[in-house]
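Participant: how does the following fold in three dimensions:
(one chain, ligands or ions: 1)
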Amino acid sequence: MLEELKEKVLQANLELPKRNLVIYTWGNVSAIDREQGLVVIKPSGVPYEKLKPSDLPVIDLNGNKVEGDLNPSSDTATHLVLYKAFPEIGGVVHTHSPWCTKWAQACRAIPTFGTTHADYFYGDIPCTRPLTPLEIATEYEKNTGDVIVETFKNLNPNDIPGVVVHSHGPFNWGKDPMKAVENAVIMEEIAKLAFYTQSLSPHAEQMDHHLLDKHFLRKHGKNAYYGQKSQKVNN
Ligand SMILES: O=C(CO)[C@@H](O)[C@H](O)COP(=O)(O)O
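Facilitator: Below is the predicted model:
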């Protein structure tokens, strides 16, 4: 079981350079086996092309390494917070992909400007609140995950599978590690489209972002009542 999960995590990590989401080792993917309460994650600082399944550390939900010689990703604490807070996800990915990171550094949510966005994300893609200097200095600790969970207090992570963390970058998730990476690729493209849209039309920002909510709801087979948000937005 764990060996199969390691292979899935390996393949998902190899997608990051393939999809131009990372340079060097600026990204990491993990997956969770909820029955065993174990997480498989990329080792810290190891180039993707050198990765083997046996290199992938296995950790428990308290962050204790239960298998593997290499150190787990420096973002492990954030991955663990998200698995505990979002019970339906099976994979998490973090990168410093350039377009999402621009919105993160500007501490701005990525606006819903079109159906490309609304096909995948229910409303604007949130940015966390501005982080304090101490939170920025300790981004490797659990506070990064805590501020993401705080951002989703009134949002459904199944309908918005990603966030940009102020001064840091994007985190995405999904039902499995490859779906998490797919959501990261899509969010990076949406971030790029949004950047150029607002540069072409500064007034786009004033558009009612909820105009496209029903597009998402219909696409995802939810009861989309014209002009009203469906009560049932969970998958
Ligand atoms: O945010 C950061 C560094 O600021 C990390 O996400 C690194 O970009 C990747 O770290 P490892 O996964 O290799 O530990």
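Participant: ok, residue 71 - contacts?
Facilitator: Taking C-beta atoms under 8 Å, 6 or more residues apart in numbering as the contact definition, residue 71 lies against 43, 44, 45, 57. For glycine as for every other residue, the C-beta is placed from the backbone atoms N, C-alpha and C.
Participant: helix, strand, or coil at the spatially most central residue of the chain?
Facilitator: By C-alpha atoms, centre = their mean, the chain has its centre lying nearest to residue 172, at 1.0 Å. Three-state call for residue 172 (DSSP: H, G, I helix; E, B strand; the rest coil): strand.
Participant: before we move on, the earlier item: report the buried members of the contacts of residue 71.
Facilitator: Neighbour-count burial within those applies to 43, 44, 57; the criterion is 16 or more other C-beta atoms under 10 Å.
Participant: these also near the ligand: which ones?
Facilitator: residue 44 (C-beta under 6 Å from any ligand atom).
Participant: now do the contacts for residue 30.
Facilitator: Counted by C-beta under 8 Å, 6+ apart, residue 30 has contacts 9, 39, 40, 41, 42, 73, 76, 79, 91, 92, 93, 177.
Participant: ok, and of those residues, which contact the ligand?
Facilitator: Applying C-beta under 6 Å from any ligand atom to these, those adjacent to the ligand are 42, 73.
Participant: most surrounded residue in the contacts of residue 30?
Facilitator: residue 93 (35 neighbours; other C-beta atoms under 10 Å).
Participant: wait, isn't that residue in contact with residue 178?
Facilitator: No: between residue 93 and residue 178 no contact is recorded; they are 9.6 Å apart, counting by C-beta atoms under 8 Å.
Participant: quick one: common contacting residues for the two?
Facilitator: Common contact partners of residue 93 and residue 178 (C-beta under 8 Å, 6+ apart): residue 12.
Participant: quick one: name the residues of this protein near the ligand.
Facilitator: So far as C-beta under 6 Å from any ligand atom goes, the chain lies against the ligand at 25, 26, 28, 42, 44, 45, 73, 74, 75, 94, 96.
Participant: strands - which of the residues you listed land there?
Facilitator: 28, 94 (DSSP state E).
Participant: rebuild the residues of the chain next to the ligand as JSON lines, extending it with pLDDT.
Facilitator: Output for the residues of the chain next to the ligand, formatted as JSON lines (pLDDT from 0 to 100):
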{"residue": "25", "pLDDT": "97"}
{"residue": "26", "pLDDT": "98"}
{"residue": "28", "pLDDT": "98"}
{"residue": "42", "pLDDT": "98"}
{"residue": "44", "pLDDT": "98"}
{"residue": "45", "pLDDT": "98"}
{"residue": "73", "pLDDT": "98"}
{"residue": "74", "pLDDT": "96"}
{"residue": "75", "pLDDT": "97"}
{"residue": "94", "pLDDT": "98"}
{"residue": "96", "pLDDT": "98"}
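Participant: buried residues in stretch 47-56?
Facilitator: 48, 51, 53, 56.
Participant: between which two of those is the distance greatest?
Facilitator: Of all pairs drawn from the buried residues of stretch 47-56, the one with the longest distance (C-beta to C-beta) is 48 and 53, at 13.2 Å.
Participant: can you pull out the low-pLDDT segments for this structure?
Facilitator: For the chain, the stretches with pLDDT under 70 are 223-235.
Participant: buried ones in stretch 100-114?
Facilitator: Buried-residue list, stretch 100-114, by 16+ other C-beta under 10 Å: 100, 101, 102, 103, 104, 108, 109, 110, 111, 112, 113, 114.
Participant: doesn't residue 191 make contact with the third one?
Facilitator: Yes: the pair residue 102 / residue 191 is scored as a contact, 7.0 Å apart, by C-beta under 8 Å.
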